Each structure stands twice: as C-alpha cells, then as structure tokens.
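Asks: coords please:
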Amino acid sequence: MPWSGRFFLDEFDALLMVCLASAYARVPALSHAVVRRDALFAMGATLVGLSFAISAARGMWPLQVPDANAFNSYYSPYNALRIFKGALWALVIYRLYRRFVALGIDIGRPFAWGMVLGLALTVAVILWERMVFSGLWNFTASYRVTGPFSAMHTGGAYIEALLAVAAPFLVFLLLERRHWLVWLGGFMLLLATTYALMVTFSRNGYMAFAIAVSISLLSRTVKSQQPVASRILAAGLTGTILLVAVPIFYSQFAQSRIARLSSDFAVRQEHWNDALAIRDADWATSLFGMGLGRFPETSYWRSAVNPRSGTYRLQTEAGNTYLRLASGDAIYVEQFVALAPGKTYVLKLDVRPHAPNAAITVPVCEKWLLTSYNCIWRSTRLGAEYGYWRTVEIPFNTKGLLVSPWYSRRPIKMSLSHASTKSPIDVDNLRLEPVQGTNLLANGAFSAGLDHWFFAADSHLQWHVKSLPYGVLFDQGWFGLVSTCLLLVLAMGRFARNALAGDAFAGTMLAALAGFVVVGLFDTLIDAPRFLTLLLMLVTLENRHMAVHSRKSAPTGLGKLRGHNSELNHANAST
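Replies: Below is the predicted model of the structure:
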C-alpha cells in the first residue's frame with residue numbers, strides 16, 4: 001500500500017483472487033457428498049453474517065455515486081465495503097474449506113504451516129526494521145516497529161495480533177517429532193518471534209502472547225502419549241521464551257510504558273465513552289449500529305474528546321485534478337523517493353492558498369511507516385495574497401541523511417503537510433528533481449488519483465474505536481455484538497472441549513483465538529479487512545471435523561479425481 005497508495009482494493013485482494021480461483025478450479029465439488037451442518041454453528045455464523053450485511057448497508061447509506069474520493073479515504077461511505085470484503089473473503093474461503101471436508105482432507109496442518117510461514121516473514125521484516133532504524137539491542141529508544149502491516153499508518157495493534165495468533169501454530173509444530181534441522185529452525189524462529197513481540201512494546205501484546213503460548217503449551221501436555229517428555233520440552237521452551245522476554249520487559253522504554261498503564265487506560269476509557277456518545281440516538285442504531293467503517297467520519301464531526309484530524313481530498317477544476325489539504329491534527333500525504341545523501345534537490349509545485357499567510361510544509365525523512373529520523377523540514381510561507389495558483393520552488397540538501405550499505409539503508413519519504421488551523425491549501429504538479437536529472441516523484445500531477453501517495457497520521461484515536469467489543473457495538477449495534485460473542489464463545493468452548501479430549505490442534509486453535517481476543521480488548525482489529533478474514537477463518541476451523549455422508553451408495557465419479565486417492569479412501573472410510 002505505501003508504494004501503490006491503494007488501500008481499498010490492494011495486493012492482498014489480488015493474491016486471494018488468484019489463489020482462490022486456482023483452488024476452486026483444482027478442488028472439485030463432489031455432487032454425491034453432503035457435509036452435514038452443525039445447526040448451532042450454522043445459526044451463529046448466519047447471525048454474524050447477517051449483522052455484517054446490515055451494517056455494511058447502513059454504512060453506505062445514503063448511497064452515493066462513486067467519485068474520485070470514493071475509494072481513497074476512510075471518510076468515504078464506501079469504507080463500509082472495504083471492511084465488508086473481509087467477511088466476503090472468509091465466506092469464499094469457507095465454501096472452499098467445505099470441499100476439502102467432503103474430500104476427507106483435514107486442512108489443519110497446512111493451515112498451521114501457512115501461519116508459521118507468515119510468522120517467519122513478519123519476524124524477518126521486524127528484524128530488518130529494528131536493525132535499520134533503532135538497532136537490534138537498543139531498548140531505550142522510543143521506536144516501535146510496524147513490520148509489514150501498512151494498515152498501521154493510522155495506528156492499531158495488528159502486528160502484535162499476528163504474532164500472538166501465529167505463535168501457537170509454531171509451538172504446535174515444534175512439539176511434534178521432526179527432523180532435527182527443522183526443529184532447530186522452528187526453535188530459532190520462536191526466539192525471534194519472542195524478540196519481535198517484545199519490541200512492539202505493546203502491553204496488551206505482552207499479555208496476549210503470554211496467554212496464547214501458555215494455552216498452546218498446556219494443550220500439548222494434556223492427554224499426551226509421552227507426558228514426561230512433553231512437559232520437559234514445554235518447560236524448556238517456556239524458559240527460553242522468558243530468557244529473551246525478561247531483559248526487554250525490564251528495559252527503560254518498556255518500563256516507561258508500564259508506568260503509564262493507569263493513565264493510558266483512563267484515556268482509553270474516555271475514548272470508549274466518547275465513541276458511544278457520538279452515535280445516533282435511535283433504536284435502529286442501538287440495534288444495528290452506525291454502520292461499518294463510519295467511525296472515522298463520525299468522530300471527525302462529533303467527537304468531544306479527539307481533535308479533528310487533517311484531511312486530504314482530490315478536487316477537479318476545468319478538467320484538472322489536484323490535491324486539497326485541509327486543516328486539522330497533523331497527517332502526512334507521502335511517497336517513497338530515491339534520494340542520495342549529501343545531494344542537492346529542488347521540489348517544484350503549484351500551490352493555491354485559501355487564506356493569507358498560509359504555509360506548505362514538506363518534510364523529507366528516513367521513515368518506514370510512522371516514526372521518522374533525520375528529517376529535513378522545509379516550510380514555505382505563501383504571503384498575504386491568496387486565491388490563485390502560483391509555482392513554488394523549495395531547494396534542500398540531503399547531507400543530514402545517513403550513508404549506509406544497501407542492506408541497512410533506511411527508506412526515505414517525502415511528505416506534504418498543512419498545519420494551519422484556518423483554511424485548506426491546494427497543491428498540484430509536484431516535481432522532485434536533482435540539479436540535473438528527471439522527476440523522482442510518481443503521479444505528481446494527481447492525474448491517476450492518489451496512486452503512489454499514501455498517508456500517515458500522528459494521532460490514532462480519531463481512526464479507531466480501539467476495542468473489539470466497543471467497535472462491534474459502534475458498527476453493528478447490540479445485534480452484532482451478541483451474535484459475535486455467541487460465535488466466539490461457541491468456537492472457543494468447542495476448541496477447549498476437544499483440547500481436553502486430546503486434540504492438540506484444537507488446543508492450538510483455542511490459543512490462537514484467545515490471543516486474538518485478548519489483543520482485541522484494547523484494539524478494534526477487524527476494521528482491517530484481512531484481520532476480519534483471519535478471525536472468521538479461526539472461528540470456522542472449529543468445524544473441521546464436520547460429518548460427511550453420501551447421497552449414493554457408490555461414490556460415482558471419485559475415480560476421476562487425480563491426486564486425491566488417499567484422501568478419498570479416508571473419506572469413504574469415514575462415510
């Protein structure tokens with residue numbers, strides 16, 4: 001997203017489209033096989049799906065004709081569709097999952113390996129980010145990693161949620177008997193995962209990780225065929241995790257965050273109360289919520305606690321498209337640029353102020369997503385005249401940027417910021433050039449909308465309810481909150497029952513879901529569609545042992561399926 005600028009339909013959606021289309025083509029739907037429905041689960045899932053559909057419709061109402069700003073702003077009513085697609089993806093995945101069930105294929109192990117692969121890639125990005133920006137062993141600097149989660153450009157707890165959810169799957173695979181090289185790789189990944197989680201400096205993340213890993217380890221020692229060996233191995237893994245976690249926990253920055261826990265919780269409570277107070281006061285809102293994705297816009301207009309965030313908007317005049325930056329709490333419309341340290345560059349742009357003595361601020365910073373280093377700030381006053389376009393040139397030298405080898409080179413971003421509290425300012429036709437060279441900016445004239453431009457915000461409470469229960473209540477009302485709680489309790493209860501009966505994977509799923517819920521106590525999470533998909537996938541995997549029976553006495557047509565002989569024999573035996 002930070003490179004493409006597209007966060008309504010993004011590269012993750014493209015990936016799912018390709019993978020699911022391929023999977024549906026390769027995994028046949030067996031006409032003779034019927035997956036017996038779990039009535040209670042079906043009722044809970046139906047209620048949750050109905051709640052999301054109603055809330056998405058309310059979020060988009062009244063319907064508007066899509067314009068240039070329909071799919072590039074969280075204030076757009078189409079933000080409801082951005083979130084709702086997470087539920088749609090989960091539905092499509094679940095339908096595919098039922099095909100696997102009909103074939104007798106348990107997808108638990110492939111899912112575990114997929115989560116571990118995602119965990120490994122996430123940890124790799126975090127290690128790179130720490131190495132480049134703060135140093136791997138510097139625990140005093142107030143740098144908090146964001147990893148590969150571009151959704152954190154407005155804050156959020158997505159990174160600790162993924163680490164807490166994926167870690168139990170790593171423990172699940174570690175406690176199996178495998179080749180020593182695979183086990184060693186998994187053990188090293190567990191150490192790196194613990195480090196990655198600790199350097200998020202998320203107090204809620206610490207609690208979620210501890211609970212998730214503890215449940216995962218305990219579930220492997222219950223009903224184990226080798227209880228003594230399992231307990232020794234679990235104790236060893238616990239000791240190793242503590243060996244990495246404790247020194248970081250007692251570091252200066254982590255302890256400073258622990259010390260602010262009480263005051264920060266009071267701020268969060270005030271924010272939750274404000275979120276409920278700004279809702280419409282009618283029975284439909286109480287029952288079905290304000291609508292998916294409506295919190296940022298509602299907070300902007302009604303909040304009595306949070307300051308208004310700055311905004312951006314594409315405008316068209318005489319066939320020309322330009323960007324309008326409105327006043328408010330600081331946001332940065334930015335893109336990555338390839339600048340060399342110690343060189344002179346000039347930024348040329350057309351600006352149109354709407355009030356006298358306006359200013360345009362252009363910071364050039366070493367920056368990954370949120371935290372900036374070695375910024376070169378250039379702020380240009382535009383004088384007393386206003387209301388017409390003028391061309392401005394802003395020269396600057398990059399001697400303040402670090403000279404680093406390619407593997408530890410910090411990314412550089414050029415941003416546009418408008419700090420005035422009085423009036424908006426229009427910008428167009430941006431060109432960033434060395435003394436002799438070509439334009440280094442993409443789409444500087446905004447002719448392709450906001451492609452290649454992304455934004456980041458300093459303050460985060462304006463964008464999220466910051467609690468999964470409060471967020472569901474705001475978006476989907478009491479109907480959505482009760483339905484979601486019913487489905488979560490149902491899934492977690494059955495995971496716990498199966499884990500106590502000796503199902504190790506059920507214990508892993510319980511641990512992962514518990515990690516998600518604990519992080520969700522203090523962050524919305526599902527306002528990012530891929531995390532909504534993840535939550536619904538975790539819940540629906542509770543049904544992975546659905547019963548299968550056949551409409552026919554003989555499984556006609558099964559022999560035509562290539563590559564599934566063993567799975568089909570298992571399915572026939574089950575039938």
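
Asks: quick one, helices of the stretch 101-250 of the chain?
Replies: With DSSP state H, counting those that start in this stretch as the criterion, the stretch 101-250 of the chain has helices at 108-133, 158-174, 180-198, 203-221, 227-249.

Asks: can you name the next helix or strand after the top helix by length along the chain?
Replies: Taking DSSP state H as the criterion, the chain has its longest helix at helix 468-500. Elements were assigned by DSSP states H and E; along the chain past helix 468-500, the next helix or strand is helix 504-520.

Asks: can you tell me the average pLDDT over that following helix?
Replies: Mean pLDDT, helix 504-520: 95.

Asks: what residues of it count as buried?
Replies: Residues of helix 504-520 classed as buried by neighbour count (16 or more other Cβ atoms under 10 Å): 504-520. Yep, even glycine has a C-beta here, placed from its N, CA and C like the rest.

Asks: with stretch 275-284 instead?
Replies: Applying 16+ other Cβ under 10 Å to stretch 275-284 flags 275, 278, 279 as buried.

Asks: got the domain ranges for this structure?
Replies: 37-260+462-546, 311-455 (automatic domain parsing).

Asks: please convert those to a markdown table, extending it with distance to residue 266.
Replies: Converted to a markdown table, these look like this (distance: least, Cβ to Cβ, whole Å):
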| stretch | distance to residue 266 |
| --- | --- |
| domain 37-260+462-546 | 10 |
| domain 311-455 | 21 |
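
Asks: the ones you listed: which one's closest to residue 301?
Replies: Of all those, domain 37-260+462-546 sits nearest to residue 301, with 9.5 Å by Cβ to Cβ.

Asks: re earlier: and the angle for the longest helix of the chain with helix 203-221?
Replies: If you take axes from the mean of the first three to the mean of the last three Cα atoms, to 10 degrees, helix 468-500 sits at 10 degrees to helix 203-221.

Asks: could you list every helix and strand in contact with helix 468-500?
Replies: Here helix 468-500 is seen to pack against helix 39-60, helix 261-277, helix 283-288, helix 295-302, helix 504-520, helix 529-540 when contacts are counted using 3 or more Cβ pairs under 8 Å, 6 or more residues apart in numbering; DSSP states H and E.

Asks: which of those sits most buried?
Replies: Most buried of the helices and strands packed on helix 468-500 by mean neighbour count (mean count of other Cβ atoms under 10 Å) is helix 504-520; its value is a mean of 25.

Asks: can you put the helices and strands packed on helix 468-500 in TSV and add distance to residue 433?
Replies: Output for the helices and strands packed on helix 468-500, formatted as TSV (distance: least, Cβ to Cβ, whole Å):
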stretch	distance to residue 433
helix 39-60	42
helix 261-277	44
helix 283-288	52
helix 295-302	35
helix 504-520	45
helix 529-540	37
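
Asks: that older thread, for the buried residues of stretch 275-284, which one is nearest residue 398?
Replies: residue 275 (42.3 Å).

Asks: relative to residue 86, how far out is that closest one?
Replies: Computed as Cβ to Cβ, to the nearest Å, the residue 275 to residue 86 distance reads 21 Å.

Asks: do the same with residue 130
Replies: Distance from residue 130 to residue 86, counting by Cβ to Cβ: 29 Å.

Asks: neighbour-wise, which of those two wins?
Replies: Using other Cβ atoms under 10 Å as the criterion, residue 130 and residue 86 rank with residue 86 on top: 22 against 19.

Asks: which one of the domains of the chain lies closest to residue 293?
Replies: When those are ranked by proximity to residue 293 (Cβ to Cβ), domain 37-260+462-546 comes first, at 3.3 Å.

Asks: for residue 439, give me its contacts.
Replies: 431, 432, 433 (Cβ atoms under 8 Å, 6 or more residues apart in numbering).

Asks: leaving out chain neighbours, which residue sits closest to residue 404?
Replies: Nearest non-adjacent residue to residue 404, counting by Cβ to Cβ, 6 or more residues apart in numbering: residue 410, 6.7 Å away.

Asks: thought that neighbour was touching residue 402?
Replies: Yes. Using Cβ atoms under 8 Å, residue 410 is in contact with residue 402, at 6.2 Å.

Asks: who's more crowded, those two?
Replies: A side-by-side neighbour count of residue 410 and residue 402, using other Cβ under 10 Å, places residue 410 first with 17 against 13.

Asks: residue contacts, that one?
Replies: Contacts for residue 410 were tallied using Cβ under 8 Å, 6+ apart; they are 132, 133, 366, 367, 368, 373, 401, 402, 404.

Asks: returning to that earlier point: Three-state assignment for the residue nearest to residue 404, please.
Replies: coil (DSSP: H, G, I helix; E, B strand; the rest coil).

Asks: so it versus residue 132, what's the distance?
Replies: Counting by Cβ to Cβ, the gap from residue 410 to residue 132 is 5 Å.

Asks: any residues in contact with both of those two?
Replies: Common neighbours of residue 410 and residue 132 (Cβ under 8 Å, 6+ apart) are 368, 404.

Asks: what's around the residue lying closest to residue 508 once chain neighbours are set aside, how many residues?
Replies: Leaving aside its sequence neighbours, residue 508 sits nearest to residue 172 (Cβ to Cβ, 6+ apart; 4.2 Å). Look at residue 172: counted by other Cβ under 10 Å, it has 25 neighbours.

Asks: was I right about residue 172 contacting residue 510?
Replies: No. If you go by Cβ under 8 Å, residue 172 and residue 510 don't touch, sitting 11.2 Å apart.

Asks: mind checking which of the helices of the stretch 101-250 of the chain is nearest residue 342?
Replies: helix 108-133 (19.1 Å).

Asks: run the angle between the closest one and helix 180-198 for me.
Replies: Going by the same axes, to 10 degrees, helix 108-133 makes 60 degrees with helix 180-198.

Asks: now helix 108-133: mean pLDDT?
Replies: 95.

Asks: got the contact list for the residue nearest to residue 508?
Replies: So residue 172 contacts 112, 216, 220, 504, 505, 508 (Cβ under 8 Å, 6+ apart).
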